[in-house]
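1. Just need the structure, nothing else, for what follows:
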Amino acid sequence: MREKVKRFFSLIDAVTEKIGRGISLLILVMMLVTAVEVIARYVFNNPTVWVWPINRQLFGVYILFGGIYTLLHGGHIRVEVFYNRFSAKMKSVAGVIALICFLSFLGVLFWQGTWMAGNSLMCGERASGAFRIPLYPFKTLVPIAALLFLLQGIVNFFRKGVK
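-> Predicted coordinates for the structure are as follows:
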């Protein structure tokens, strides 16, 4: 049983790593799209209508999945000024409280994100304005990211508890 858990943890880590590395390339896409807008606007005096909606959606995806990748590598900010002064028992209590808050937040994000994505998909939701990009593919990524974030957080918690 312990070997299956370790394989599952490794699978979650590998999925997070691959998605994180792939998503990191979005920053290059956003830079390229922004450069196109700057050139179109200031060189050709012909601004685009599609750059801002596309960049906004790409940035949302970047933030969603970038947070999971950051969690995998332990890059989130901690308030260690207080935490380092806690006793071992108090650190355990703080860890459990943090896990409960984490699970609650991501559980609600998954639940509401699923509801939001379903509604968006059913009505074929599109952005308002001149460039009516479909929003449902991006909204569908919210519950997917919440689930992966949840799984990665659980993996990190149990791994830290094992050490």
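2. use CA for all of it now, contacts and neighbours both
-> Fine.
3. pLDDT (mean, whole number) over the one helix or strand Phe157 maps to?
-> Using DSSP states H and E, Phe157 falls within helix 136-162. Averaging pLDDT along helix 136-162 gives 88.
4. chain center to that helix, what's the gap?
-> Chain-centre distance of helix 136-162: 8 Å, with C-alpha atoms, centre = their mean, to the nearest Å.
5. what number of residues lie near Ala40?
-> Burial of Ala40 is recorded as 14 neighbouring residues (other C-alpha atoms under 10 Å).
6. Can you pull the phi/psi pair for it?
-> For Ala40, the backbone dihedrals (degrees, to the nearest 10) come out as phi -60, psi -40.
7. Look up the closest residue to the residue most central in space within the chain, ignoring the ones flanking it.
-> Centroid-nearest residue in the chain, with C-alpha atoms, centre = their mean: Leu64, separated by 2.0 Å. Nearest non-adjacent residue to Leu64, counting by C-alpha to C-alpha, 6 or more residues apart in numbering: Ala145, 6.2 Å away.
8. If you count neighbours, what's buried in stretch 137-146?
-> Neighbour-count burial for stretch 137-146 flags Lys139, Thr140, Leu141, Val142, Pro143, Ile144, Ala145, Ala146 (criterion: 16 or more other C-alpha atoms under 10 Å).
9. If you count neighbours, what's buried in the helix ranked longest in the chain?
-> Counting residues, the longest helix found in the chain (DSSP state H) is helix 88-123. Residues of helix 88-123 classed as buried: Gly95, Leu103, Leu106, Gly107, Leu109, Phe110, Gly113, Thr114, Met116, Ala117, Ser120, Leu121 (neighbour count, 16+ other C-alpha under 10 Å).
10. Would you convert the residues you listed into TSV that also reports distance to Pro134 and pLDDT?
-> Compiled in TSV, these are given as follows (distance: C-alpha to C-alpha, whole Å; pLDDT from 0 to 100):
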residue	distance to Pro134	pLDDT
Gly95	40	79
Leu103	30	90
Leu106	25	93
Gly107	26	93
Leu109	21	94
Phe110	21	95
Gly113	16	94
Thr114	17	96
Met116	14	94
Ala117	12	94
Ser120	9	93
Leu121	9	93
